[in-house]
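Chemist: give me coordinates for this.
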Amino acid sequence: MTAPLYDVLGLGNAIVDVLARTEDDFLIAHNLHKGAMRLIEEPEAERLFEAMGPATVISGGSVANSIVGVASFGGRGAYIGKVKADEVGRHFTHDIRSIGVHFPTAPSASGPATARSFILVTPDGERTMNTYLGACQNLGPEDVDPETVAASRIVYLEGYLWDREHAKQAFRRAAQLAHVAGRSVALTLSDSFCVDRYRDEFLDLMRSGAVDILFANESELRSLYQTADFATAVSALRDENLLGVVTRSEEGCLVVTREETQAVDAHPIDKLVDTTGAGDLFAAGFLFGLARDFDAVTCARLGGLAAAEVIQHVGARPEAPLLDLAREEGLL
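Modeler: Below you'll find the model as predicted:
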């Protein structure tokens, strides 16, 4: 097998985040489900933007955030996602390439605008996301570059892609190409409401061997196995033939295989500011470690370190170089 050029290739929705602080009353007034992600169309996106308070605009997208995190650790990242050739799309492209991520996807010349996610952060640090997919909907199998897939140690796929048929085809093509090249495929379930929509299809991906590594938080895992009992959900995950990684916020995470379940504590923080990107950056650290053949506990500690960094400031991408932080902690 040829040595990989990239540690992790991400395939996901290329989105620019529009973040604003708000109160719970605002969520209630606009009939928003706290802590959830929902898809909206352009007219509602414009109404919500008008109603929001002062906003910060930052490139985002779940798996894009993870790949930026991999690069911040000193890893070699690549990303496939669709933007339009507009101002917002150019902003996204500049941001992801400026950190050294390989981003080969050609922008759309016409059609919907580059995607935006309007993220409302309440005083407790919880984020409620309202996402206009826009140009993301144009991502298709033709955008999946076989050479980039074959050159990547791990291909990381986003559950949110399952909302559009063309993106779903891109997802399947990337997974197939990765396995033909002898690479591993990871999936993040993305959101419990996403799992509710596509539970059977996600389980089929897991059980058919299309996915080797699964990332989920507690609510996503309970939704996947349709149980209110977390221990029951973990037991069901243990029976799957893959590596499962379950994040538990301040309780850390579980690394689950058929052979054992390992609990790893969360990395300590000084102050919770914004949980946006916590799962994305946890995956970044874990996948970076996995691509470098670290043991599961070290991978989880790297993930916890990255998540701790991102939740102590506004925005879903690291402000401090994760490589430096990991060295300070003796993890690299």
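
Chemist: C-alpha from now on. contacts and neighbour counts both.
Modeler: Will do.

Chemist: the helix or strand harbouring residue 68 packs against which elements?
Modeler: Assigned by DSSP states H and E, residue 68 belongs to helix 62-72. Applying 3 or more Cα pairs under 8 Å, 6 or more residues apart in numbering; DSSP states H and E, one finds that helix 62-72 contacts strand 6-11, strand 77-80, strand 152-158, helix 278-291, helix 322-328.

Chemist: and that helix with helix 278-291, angle?
Modeler: 50 degrees (axes from the mean of the first three to the mean of the last three Cα atoms, to 10 degrees).

Chemist: which residues in the stretch 51-200 of the chain form strands?
Modeler: Residue ranges of the strands in the stretch 51-200 of the chain, as given by DSSP state E, counting those that start in this stretch, are 56-60, 77-80, 115-121, 127-132, 152-158, 184-188.

Chemist: how about the helices in the stretch 1-150 of the chain?
Modeler: Remark: helices assigned in the stretch 1-150 of the chain by DSSP state H, counting those that start in this stretch are 24-29, 42-51, 62-72, 87-98, 146-150.

Chemist: the first one: how far from the chain's middle?
Modeler: Relative to its chain's centre, helix 24-29 lies at 26 Å (Cα atoms, centre = their mean, to the nearest Å).

Chemist: ok, residues contacting that helix?
Modeler: 33, 34, 122 (Cα atoms under 8 Å, 6 or more residues apart in numbering).

Chemist: could you count how many residues lie near residue 238?
Modeler: Applying other Cα atoms under 10 Å, we find 19 residues neighbouring residue 238.

Chemist: one more: residue 81?
Modeler: 28.

Chemist: let me see the contact set for it.
Modeler: 11, 12, 13, 14, 105, 136, 139 are the contacts of residue 81 under Cα under 8 Å, 6+ apart.

Chemist: try residue 305
Modeler: Per Cα under 8 Å, 6+ apart, neighbours of residue 305: 266, 267, 282, 285, 325, 326.

Chemist: where's the nearest residue to the first one once chain neighbours are set aside relative to residue 209, distance?
Modeler: Leaving aside its sequence neighbours, residue 266 sits nearest to residue 252 (Cα to Cα, 6 or more residues apart in numbering; 3.8 Å). According to Cα to Cα, to the nearest Å, residue 252 stands 27 Å off from residue 209.

Chemist: same check, this time on residue 52
Modeler: On the measure of Cα to Cα, residue 52 and residue 209 end up 43 Å apart.

Chemist: do residue 272 as well
Modeler: Counting by Cα to Cα, the gap from residue 272 to residue 209 is 38 Å.

Chemist: coming back round to it: any chance of JSON lines for the helices of the stretch 1-150 of the chain, columns mean neighbour count, distance to residue 317 and mean pLDDT?
Modeler: Listed next are the helices of the stretch 1-150 of the chain as JSON lines, based on neighbours: other Cα atoms under 10 Å; distance: least, Cα to Cα, whole Å; pLDDT from 0 to 100:
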{"stretch": "helix 24-29", "mean neighbour count": "12", "distance to residue 317": "24", "mean pLDDT": "93"}
{"stretch": "helix 42-51", "mean neighbour count": "13", "distance to residue 317": "22", "mean pLDDT": "89"}
{"stretch": "helix 62-72", "mean neighbour count": "30", "distance to residue 317": "6", "mean pLDDT": "97"}
{"stretch": "helix 87-98", "mean neighbour count": "17", "distance to residue 317": "11", "mean pLDDT": "94"}
{"stretch": "helix 146-150", "mean neighbour count": "21", "distance to residue 317": "23", "mean pLDDT": "96"}
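
Chemist: with respect to residue 310, which of those helices lies nearest?
Modeler: helix 62-72 (9.8 Å; Cα to Cα).

Chemist: okay, the angle between that closest one and strand 152-158?
Modeler: Using the same axes, to 10 degrees: helix 62-72 against strand 152-158 is 150 degrees.

Chemist: which residues sit against helix 62-72?
Modeler: By Cα under 8 Å, 6+ apart, helix 62-72 touches 8-14, 76-79, 96, 99-101, 156-158, 190, 277, 280-285, 287-288, 306, 316-318, 321-323.

Chemist: ok, now with 7 Å
Modeler: 10-12, 14, 76-79, 96, 99-101, 158, 280-281, 283-285, 288, 316-318, 321-323 (Cα atoms under 7 Å, 6 or more residues apart in numbering).

Chemist: do the same with stretch 207-222
Modeler: 175, 184-189, 191-192, 195, 205, 228, 230, 233, 240, 242-248.

Chemist: of the residues you listed, which belong to helices?
Modeler: Counting by DSSP state H, the contacts of stretch 207-222 place 175, 192, 195, 205, 230, 233 in helices.
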